[in-house]
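Enquirer: Give me a 3D structure for the following:
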Amino acid sequence: MSIKVENITKIYGQQKALNDVSFEVKAGEIVGFLGPNGAGKSTMMKILTCFIPQTSGSASVCGFDVAEQSLDVRKQVGYLPEHNPLYLDMYVKEYLEFIGGLHHLKNIKERISEMIEITGLQVEQKKKIGALSKGYRQRVGLAQALIHDPKVLILDEPTTGLDPNQLAEIRNMIIKVGKEKTIMLSTHIMQEVEAMCDRVIIINNGSIVANDDTKVLQKLKTENTYFITVEFDKPTSKNVLKNINFVVDAINSRENIWQLEVRSDKDIRNDVFQFAVANGLAVLMLNKEEQKLEDVFKHLTKK
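Expert: Numbering: from 1, shown residues only. Down below sits the predicted model:
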């Protein structure tokens, strides 16, 4: 087991940031660690990377206890914090050489060359970090997290502030690295989780409210209704559409396209076609909207 957390509690003064949290992450998994702001995500990641101690409970990384064997844990972990702490006056290669020295690497030059290639820093490698864009600074952060070839990567908001092109590049890089390492990452971008993560852990108010495969969570029933989108060849009205059996509401998206809210236990496709025939309409398109991970997240974390 790459990461094992048992009954971790963290208290700051009167505030309980983590409340009896337990979970495991297997070797080779990419796990999304999600939650609203202040839920306890960063606190958990700081405990796993030995930046802060827990109040009670235990945690281990690659079999090493985070409290009793912190130096061994740090050798196994690559960490990219939410606020990427870089030395802006250092050159890219100079900074990576400095980080490699901290890890007592014997083949520093070879590892720097590998990291620059893996993270796509070739064009920017001779620049000062302060002159880099946000996207390239994140690449430098990933390079420093990977340079000592850790078995586990812990990434706290690795795609914050990136444009769509940079998002895609960093996402592909994480997926590529994830083929060889265990990755635990937090993010607020649900599309990234759906694209990258095998499993999702959702935390709210310091406690875990969900821990399951991404595909399974997407199918979790959250409401008593679902939505279908239907397009007719002619105009109709909301009041008329609400006469269809089990339709709760109808919203006109544009022109002759309608979003119908339906009681969740009913299949109304046949009812829609019968309605169309009775009203001299043709159905041009009929789709059931798939529930998104974002819908599940909102349902589980709403106050």
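Enquirer: what about the longest helix in this protein?
Expert: helix 164-178 (DSSP state H).
Enquirer: all helices of this structure, in order?
Expert: 41-48, 70-76, 92-102, 108-118, 134-146, 164-178, 190-196, 214-218, 238-241, 269-278, 293-301.
Enquirer: JSON lines for those helices, including distance to Val25, mean neighbour count and mean pLDDT?
Expert: The way it works is simple: take the backbone N, C-alpha and C, and place the C-beta from them, glycine included. Shown next, in JSON lines, are the helices of the chain (distance: least, CB to CB, whole Å; neighbours: other CB atoms under 10 Å; pLDDT from 0 to 100):
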{"stretch": "helix 41-48", "distance to Val25": "10", "mean neighbour count": "23", "mean pLDDT": "94"}
{"stretch": "helix 70-76", "distance to Val25": "13", "mean neighbour count": "17", "mean pLDDT": "94"}
{"stretch": "helix 92-102", "distance to Val25": "24", "mean neighbour count": "18", "mean pLDDT": "95"}
{"stretch": "helix 108-118", "distance to Val25": "22", "mean neighbour count": "17", "mean pLDDT": "92"}
{"stretch": "helix 134-146", "distance to Val25": "16", "mean neighbour count": "22", "mean pLDDT": "91"}
{"stretch": "helix 164-178", "distance to Val25": "12", "mean neighbour count": "16", "mean pLDDT": "83"}
{"stretch": "helix 190-196", "distance to Val25": "14", "mean neighbour count": "18", "mean pLDDT": "86"}
{"stretch": "helix 214-218", "distance to Val25": "14", "mean neighbour count": "17", "mean pLDDT": "85"}
{"stretch": "helix 238-241", "distance to Val25": "47", "mean neighbour count": "13", "mean pLDDT": "92"}
{"stretch": "helix 269-278", "distance to Val25": "41", "mean neighbour count": "15", "mean pLDDT": "92"}
{"stretch": "helix 293-301", "distance to Val25": "18", "mean neighbour count": "18", "mean pLDDT": "84"}
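Enquirer: List just the one of the ones you listed that sits closest to Lys126.
Expert: Proximity to Lys126 (CB to CB) singles out helix 92-102 among the helices of the chain, at 7.2 Å.
Enquirer: Run the angle between that closest one and helix 108-118 for me.
Expert: 130 degrees (axes from the mean of the first three to the mean of the last three CA atoms, to 10 degrees).
Enquirer: which residues touch helix 92-102?
Expert: 86-87, 90, 108-109, 111-112, 115-116, 121, 124-129, 132, 140, 143-144, 147-148 (CB atoms under 8 Å, 6 or more residues apart in numbering).
Enquirer: Please state the offset of that helix from the chain centre?
Expert: 28 Å (CA atoms, centre = their mean, to the nearest Å).
Enquirer: relative to helix 134-146, how tilted is it?
Expert: Using the same axes, to 10 degrees: helix 92-102 against helix 134-146 is 20 degrees.
Enquirer: how about the CA coordinates for helix 92-102, as PDB?
Expert: Only the C-alpha atoms of helix 92-102 are listed here, as PDB (Å, rounded to 0.1, in the frame of the first residue of the first chain):
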ATOM      1  CA  VAL A  92      15.900  26.700 -14.100                       C
ATOM      2  CA  LYS A  93      18.800  24.300 -14.300                       C
ATOM      3  CA  GLU A  94      20.500  26.000 -11.300                       C
ATOM      4  CA  TYR A  95      17.400  25.400  -9.200                       C
ATOM      5  CA  LEU A  96      17.000  21.800 -10.200                       C
ATOM      6  CA  GLU A  97      20.700  21.200  -9.400                       C
ATOM      7  CA  PHE A  98      20.100  22.800  -6.000                       C
ATOM      8  CA  ILE A  99      17.100  20.500  -5.300                       C
ATOM      9  CA  GLY A 100      19.100  17.500  -6.600                       C
ATOM     10  CA  GLY A 101      21.800  18.300  -4.100                       C
ATOM     11  CA  LEU A 102      19.400  18.400  -1.200                       C
END
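Enquirer: Having no further points to raise, I will conclude here.
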